[in-house]
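J.: Sequence plus predicted model, see below.
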Amino acid sequence: MRLDLTHIQRWIEPGSRVLDLGCGNGEFLQRLAKERQVRGLGLEIDPDKITNAVSRGLDIVEQDMDAGLGNFPDQSFDTVVMAHALQAVHYPDRVLEEMLRIGRQGIVTFPNFAHWRCRLYLGSRGRMPVSRFMPYNWYDTPNIHFCTVTDFEALCEERGIRILARDMVGNTPRRPLLASAWPNLFAVTAIYLISR
Amino acid sequence: MKTSTVGIVAPQRARFDEPLTLACGRVLASYELVYETYGTLNSTRSNAVLVCHALSGHHHAAGYHRADDRKPGWWDECIGPGKPIDTNHFFVVSLNNLGGCHGSTGPVSINPENGAPWGPDFPSLRVRDWVHSQARLADLLGIDCWAAVVGGSLGGMQAMRWALLYPQRLRHCVVIASALRLSAQNIAFNEIARQAIQSDPDFAEGHYLTHNTLPAKGLALARMVGHITYLSDDAMANKFGRDLRSGSLELGEEEIAEFQVQSYLRYQGSQFSGSFDANTYILMTQALDFFDLAREYGDDPVAAFRTAQCSFLVLSFSTDWRFSPGRSREIVDALIAADRPVTYAEIEADEGHDAFLMPIPRYLALFTAYMQRVRGNC
């Protein structure tokens, strides 16, 4: 279980309805179903991940977020989760708006591109960072819309999206002090609970 | 005979003497259904799966009737030990629908009122009539609740109708390459098929059995048209391309060239006309045309599906243009809006509508994964 998913769990009410955008192999939904008794639905486009998730007993719909989410009625879910996919969609702002149209609240996690290691890599080498967390070359990557903690909060401000809570995960997850105090510099992963 | 098969199977026959009032208002005083079963019903009778057949299908879905049969049942790829509908765990029931021509009461049966074949006088049927008659078969077999009702194409329509008419009697509904209702284009193709049959002089207004004729040409033509809609452009290109069977396209050649696809279609047509009944084909295509899942729910499929209580698996195939992925998405979107549990995938496949009968690895893997979940609920 990825650490950012562990953080998310406490924001989800037991027995509620959860939509997971880009649910992968369904690991998170399965855990929510078991520990929080949620009624979950996952969206995924990777065939093998879909089969894997279905074999866990989950409901999965093959659907590309970039093609729109208009088939989901307004406020039809309690929580809409999008873990580490914001940077991979064509129109992140539209997806955020859609998340909050479909769900009462949204949970978003993304890699913070302003982390000091990224800055150092870009600043010293003058090249797009490639690391264990972001193992892709710029020309062949699913991550087409990297943003920073500050960028994300600015977008929320601009769109009237309320940030109900945030969690910052740093390099040393057990000692989150630096990441909490200076998130835009020390957070590797940013986690937000948002609503209208 | 391949291994991993249910082996030699024998059809069974059930007779129903309680009158069945049909959707058209007419009453069938009694009728028979021919069916096969594969696997073993468990002690709690909770592992039964109903397989609903498509337009030209029948009860023989898996295994062989004789050891020297050339081909197994029509859905042998998906039914058997270790297959998606795993007969090591499920008790599978597959019947020939009412109105069929493979042993169940239909246009080729004798009308007890006059001792002659029903022919064109057999009552018009709707999908719901099949569902009601299947429910009586379930009663007879002691199955209160199906673990799953499964069907492709017209079979998927029966499965969806089950979910609305008998919401307490199925836990899962598997709808493959199907649609909420036919489009104008679908109906148009069916009409060409019916016209082909009806314009054959040997059709004799449907009374060919008493006239000792057979509208073989018309039925073959109907099948040829239908068959094209089951295949994709890709599938036909891969299988035949522009290959010639005879003649040449060289300049100066007098012999008319014949393409492989021409003789293939004619072969399919003549095979079919030798094994299927023309009145049944008309009846089945009409049942397809008339099917409209949401009609009596204010034309709102969301309202219709709110009646359902089961979980759904919906599958489509990328090159299916008869019931395209878009048609399956209509089903899925209505289920999402109705807040029903649904799993959906669009399987990449070249084979068009017929893909639902083919051993496509992703299709079998996903179907298997879902059926394992069905097992978990048994």
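T.: Yep, it's here. These figures come from a predicted structure and were not determined experimentally. Numbers count the residues shown, from 1 in each chain, chains lettered A, B, ... in the order given.
J.: Phi and psi next, for the closest residue to residue B:295 other than its chain neighbours.
T.: Sequence neighbours aside, residue B:181 is the residue nearest to residue B:295 in space, at 7.8 Å (criterion: CB to CB, 6 or more residues apart in numbering or on different chains). Yep, even glycine has a C-beta here, placed from its N, CA and C like the rest. Residue B:181 adopts backbone torsions of phi -170, psi 170, taken as degrees, to the nearest 10.
J.: Could I get the contacting residues of residue B:181?
T.: Neighbour list for residue B:181: B:291-295 [criterion: CB atoms under 8 Å, 6 or more residues apart in numbering or on different chains].
J.: what about residue A:150, distance to residue B:357?
T.: 56 Å (CB to CB, to the nearest Å).
J.: So the two - more neighbours on which side?
T.: Set side by side, residue A:150 and residue B:357 show more neighbours around residue B:357, with 20 against 12, by other CB atoms under 10 Å in any protein chain shown.
J.: Three-state assignment for the residue lying farthest from the centre of chain B, please.
T.: Here chain B reaches farthest from its C-alpha mean at residue B:252, the gap being 47.6 Å by CA atoms, centre = their mean. Assigned state for residue B:252: coil (three-state reduction, DSSP: H, G, I helix; E, B strand; the rest coil).
J.: pLDDT at it, what is it?
T.: Listed pLDDT for residue B:252 reads 85.
J.: again, but for residue A:170
T.: pLDDT, residue A:170: 87.
J.: Thought residue A:179 was touching it, still the case?
T.: Yes - here residue A:170 reaches residue A:179: they are 3.1 Å apart, a contact under CB atoms under 8 Å.
J.: which residues are in contact with both of the two?
T.: Counting by CB under 8 Å, 6+ apart, the shared contacts of residue A:170 and residue A:179 are A:186-188.
J.: Pipe those into TSV and attach secondary structure, pLDDT and distance to chain B per row.
T.: As requested, the shared contacts of residue A:170 and residue A:179 are arranged in TSV below (DSSP: H, G, I helix; E, B strand; the rest coil; pLDDT from 0 to 100; distance: CB to the nearest CB, whole Å):
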residue	secondary structure	pLDDT	distance to chain B
A:186	helix	92	40
A:187	coil	93	34
A:188	coil	91	33
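J.: In these, which residue is surrounded by the most others?
T.: residue A:187 (26 neighbours).
J.: Please, where are all the helices along chain B?
T.: According to DSSP state H, chain B carries its helices in the segments B:127-141, B:154-165, B:184-198, B:208-211, B:216-230, B:233-239, B:260-273, B:278-290, B:301-306, B:325-337, B:361-376.
J.: Chain A too?
T.: Under DSSP H, chain A gives helices at A:3-9, A:27-36, A:47-55, A:92-102, A:116-125, A:149-159, A:177-181, A:183-186.
J.: out of the shared contacts of residue A:170 and residue A:179, who's nearest residue B:137?
T.: Checking these against residue B:137 by CB to CB gives residue A:188 as the nearest, at 60.3 Å.
J.: Leaving out the residues flanking it, which one is nearest to the most centrally placed residue in chain A?
T.: Here the mean C-alpha position of chain A is nearest to the C-alpha of residue A:83 (CA atoms, centre = their mean), at a distance of 2.4 Å. Spatial nearest neighbour of residue A:83, excluding adjacent residues (CB to CB, 6+ apart): residue A:109 at 4.7 Å.
J.: Point out where the chain drops to low pLDDT.
T.: Going with chain A. A:1-4, A:173-175 (pLDDT under 70).
J.: Can you look at chain B instead?
T.: Using pLDDT under 70, the flagged stretches of chain B are B:1-3.
J.: Which parts of it belong to which domain?
T.: B:12-181+B:293-376, B:187-284 (automatic domain parsing).
J.: Of those, flag the one that's most buried.
T.: Among the domains of chain B, domain B:12-181+B:293-376 has the highest mean neighbour count (mean count of other CB atoms under 10 Å in any protein chain shown), at a mean of 20.
J.: What's the end-to-end length of that domain?
T.: Terminal residues of domain B:12-181+B:293-376 are spaced 29 Å apart (CA to CA, to the nearest Å).
J.: Figure out how far that domain is from the centre of its chain.
T.: Averaging C-alpha positions (CA atoms, centre = their mean, to the nearest Å) puts domain B:12-181+B:293-376 7 Å from its chain's average.
J.: swap in stretch A:80-93?
T.: So, by CA atoms, centre = their mean, the centroid of stretch A:80-93 is 6 Å from its chain's centroid.
J.: which residues sit in contact with residue 146?
T.: Picked chain A for this. A:87, A:111, A:113.
J.: wrong chain, I was asking about chain B
T.: Contacts for residue B:146 were tallied using CB under 8 Å, 6+ apart; they are B:48-50, B:138, B:162, B:169-172.
J.: Next, count neighbours for residue A:172.
T.: 12.
J.: hey, what's residue 79 bridged with?
T.: You didn't pick a chain, so chain A it is. Per DSSP bridges, the residues bridged to residue A:79 are residue A:18, residue A:105.
J.: switch to chain B, that's the one I care about
T.: Listed beta-bridge partners, residue B:79: residue B:85 (assigned using DSSP bridges).
J.: thinking it is in contact with residue B:61, fair?
T.: Yes - contact criterion CB under 8 Å: residue B:79 and residue B:61 qualify, at 5.7 Å.
J.: For those two, list the residues in contact with both.
T.: Joint contacts of residue B:79 and residue B:61 (CB under 8 Å, 6+ apart) are B:38, B:51, B:73, B:92, B:94.
J.: Show the contacting residues for the residue lying closest to residue B:268 once chain neighbours are set aside.
T.: Closest residue in space to residue B:268, ignoring its immediate chain neighbours: residue B:227 at 5.1 Å, by CB to CB, 6+ apart. With contact set as CB under 8 Å, 6+ apart, residue B:227 has these partners: B:265, B:268-269.
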